[in-house]
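*Asks:* I need the structure of the sequence given here:
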Amino acid sequence: MMVQKNSRAALMALTVAVILWGGSFSAMRTVLQELDPMSVMWLRMVFASVTILPFISRLRPPEGWKKDYKILIPMVLFQPCLYFLLESNALRLTSSSQAGVISSFVPLFVSLGAWLFLSEKLHLKGIAGLFLSISGVVVLTLLNGDVEGGSRMMLGNTMEVGAMICAAANMLIIKKLSSRYNTWTMTMMQCFAGVLFFLPGLFKLMEQGWVISGQTLLLLLYLGAPVSLGAFGLYNLGMSRMTASGASVFINLVPVVAVITGWVVLHETLSVLQIFASAAVLTGVLISQDKRSSRMSERKAGSSAGSKIRPLWSSRN
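*Replies:* Next comes the predicted model:
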């Protein structure tokens, strides 16, 4: 019964995370019309860090955590630092449709990495679901995106691939560390690192004279606390209680949510083909979920972590 509850909690955490991520695209489009990308990312990280700051005493790393610096530093560098840096610049050089297609391969990178480094088994059912979801994302992004490439497309696509490799590497590290670290502690580390890494955005804000409209400020608050903190924290939590490959395929639901949000909020068109492509992605995600792997992952996490994986609001013993 406890395993089933953990599985449902993981699925719920992952679902809420992708909904928050998918809904953030419309907000980002609006905010970037007024502010520089570096400024936006710095403010997002600041708002996320301020939100989690009251819980810092409850999220202290475990004993001997400084010895893990060789893996903790790459974790925060891969995401949010290098990931956002590469992707924001890639989108200036390549088309959004090609970037969307490239991003759909993150679950494939994670599945291969989990097989190589985490000894996770690859099941035929999971592979079939993975490729169905990738196919759906490819169709969805090509239908929704621009067909003409941006300037210096090859460089842009290379940077987008680099961003996806960073995202996949971060997920594997999160999965590896989740048996010993509270997932919210790792999320806190990522937010604090993001504040330092995107610090040049502060100087761009100072040059601009700190002129921010009320609407943009509200959107930044949403992108900071619920998205940068909540979505990352929930996804890290879901990743800790499932196999890495099973959790990563949820990423392919992000463009589905983005398309639906654009249709509802921005009144963008939603064609029949887009609906079928979205249904294919959802079906692929459902097919890819292997219950045996989920239960095995939860038992391993439970036996090794014990009480170390605690909710954000729990007190430290």
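*Asks:* Checking Ile212 next. Helix, strand or coil?
*Replies:* coil (DSSP: H, G, I helix; E, B strand; the rest coil).
*Asks:* Kindly provide the distance from it to Gly230.
*Replies:* 22 Å (CB to CB, to the nearest Å). No exception for glycine: its C-beta is placed from N, CA and C like everyone else's.
*Asks:* When the two are compared, which one has more neighbours?
*Replies:* Higher neighbour count among Ile212 and Gly230: Gly230, with 22 against 17, using other CB atoms under 10 Å.
*Asks:* residues near the residue nearest to the more buried one when sequence neighbours are not counted, how many?
*Replies:* Excluding the flanking residues, the one nearest Gly230 by CB to CB, 6 or more residues apart in numbering is Leu20, at 6.0 Å. Counted with other CB under 10 Å, the neighbours of Leu20 add up to 22.
*Asks:* give me the element the residue positioned nearest the centre of the chain is part of.
*Replies:* Central residue of the chain (CA atoms, centre = their mean): Phe232, 5.8 Å from the mean position. Using DSSP states H and E, Phe232 sits in helix 232-240.
*Asks:* ok, residues contacting that helix?
*Replies:* 9-11, 13-14, 16-18, 20, 79-80, 171, 174-175, 178-179, 183-184, 186-187, 190-191, 247-248, 250, 301, 309, 312 (CB atoms under 8 Å, 6 or more residues apart in numbering).
*Asks:* hmm, who's touching the helix or strand just after it?
*Replies:* Note on helix 232-240: by DSSP H and E, the next helix or strand toward the C-terminus is helix 244-248. For helix 244-248, contacts defined as CB under 8 Å, 6+ apart pick out 10, 14, 106-107, 110-111, 113-115, 118, 120, 122, 126, 130, 168, 171-172, 175, 235, 238-239, 288-290, 293-294, 297.
*Asks:* now the stretch 151-300 of the chain, which segments are flagged as low pLDDT?
*Replies:* 151, 266, 290-300 (pLDDT under 70).
*Asks:* can we see that at 50?
*Replies:* 292-300 (pLDDT under 50).
*Asks:* Among the contacts of helix 232-240, name the ones in helices.
*Replies:* Using DSSP state H, the members of those that fall in helices are 9-11, 13-14, 16-18, 20, 171, 174-175, 183-184, 186-187, 190-191, 247-248, 301.
*Asks:* my guess is Ala277 contacts Ile134, does it?
*Replies:* No: counting by CB atoms under 8 Å, Ala277 does not reach Ile134; the two are 11.3 Å apart.
*Asks:* neighbour count winner among these two?
*Replies:* Between Ala277 and Ile134, counted using other CB under 10 Å, Ala277 has the larger neighbour count: 24 against 21.
*Asks:* What distance do you get for the more buried one to Asp68?
*Replies:* Distance from Ala277 to Asp68, by CB to CB: 41 Å.
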